[in-house]
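**Q** From the sequence below, what's the structure:
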Amino acid sequence: MSAQPAGVFRTVSSTVHEATYEVLRSLGMTPIFGNPGSNELPFINQLPSGFRYILALHEGAGLAIADGYSQSHGHAYTSGCMQID
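**A** As a prediction, this is how the structure comes out:
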C-alpha cells in the first residue's frame, strides 16, 4: 500500500462547512480574523473546538490583524470578509 499524497484527506465531509474546517485545521489555520456579515454567521456559529474567531471592527482591520499575526508567527492565517455583490 502506498502513502497517501499530501493534500488528500482521508475522511469524507458531509457539508462544505465541515470540509472547510478540515482543510483549515490541516493547514494550522485555526484562528480566523474578520468582520462577519450575515452570510458568514452560520459558518462562525458552528466553529468546532480548537478554532477561534477574532472579531475586527472593519474588513481592512481584519486583514491587517491577520497579516501582523501571520508575520509574527511565521505561518499563514486566514481572514474572512464580507462579499459585496
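
**Q** In this protein, where's the longest helix?
**A** helix 59-73 (DSSP state H).

**Q** May I have it exported as PDB, CA atoms only?
**A** Provided in PDB are the C-alpha atoms of helix 59-73 (Å, rounded to 0.1, in the frame of the first residue of the first chain):
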ATOM      1  CA  GLU A  59     -12.700  44.300   6.900                       C
ATOM      2  CA  GLY A  60      -9.400  46.300   6.500                       C
ATOM      3  CA  ALA A  61      -8.600  45.900  10.100                       C
ATOM      4  CA  GLY A  62      -9.200  42.200  10.000                       C
ATOM      5  CA  LEU A  63      -6.800  41.800   7.100                       C
ATOM      6  CA  ALA A  64      -4.200  43.900   8.900                       C
ATOM      7  CA  ILE A  65      -4.600  41.900  12.100                       C
ATOM      8  CA  ALA A  66      -4.300  38.600  10.200                       C
ATOM      9  CA  ASP A  67      -1.200  39.900   8.300                       C
ATOM     10  CA  GLY A  68       0.500  41.000  11.500                       C
ATOM     11  CA  TYR A  69      -0.300  37.700  13.300                       C
ATOM     12  CA  SER A  70       1.000  35.800  10.300                       C
ATOM     13  CA  GLN A  71       4.300  37.700  10.200                       C
ATOM     14  CA  SER A  72       4.800  37.500  13.900                       C
ATOM     15  CA  HIS A  73       4.200  33.700  13.900                       C
END
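
**Q** what pLDDT, on average, does that helix get?
**A** For helix 59-73, mean pLDDT is 88.

**Q** Equivalent analysis for stretch 14-31, please.
**A** 89.

**Q** Doesn't Ser79 belong to a strand?
**A** Yes - membership of Ser79 in a strand is supported by DSSP: H, G, I helix; E, B strand; the rest coil.

**Q** give me every residue that touches the spatially closest residue to it that is not a sequence neighbour.
**A** Distance criterion Cβ to Cβ, 6 or more residues apart in numbering; nearest residue to Ser79, sequence neighbours excluded, is Ala66 at 3.9 Å. All C-beta spots, glycine's among them, are computed from the backbone N, C-alpha and C. By Cβ atoms under 8 Å, 6 or more residues apart in numbering, Ala66 lies in contact with 33, 77-79.

**Q** That'll do, ta.
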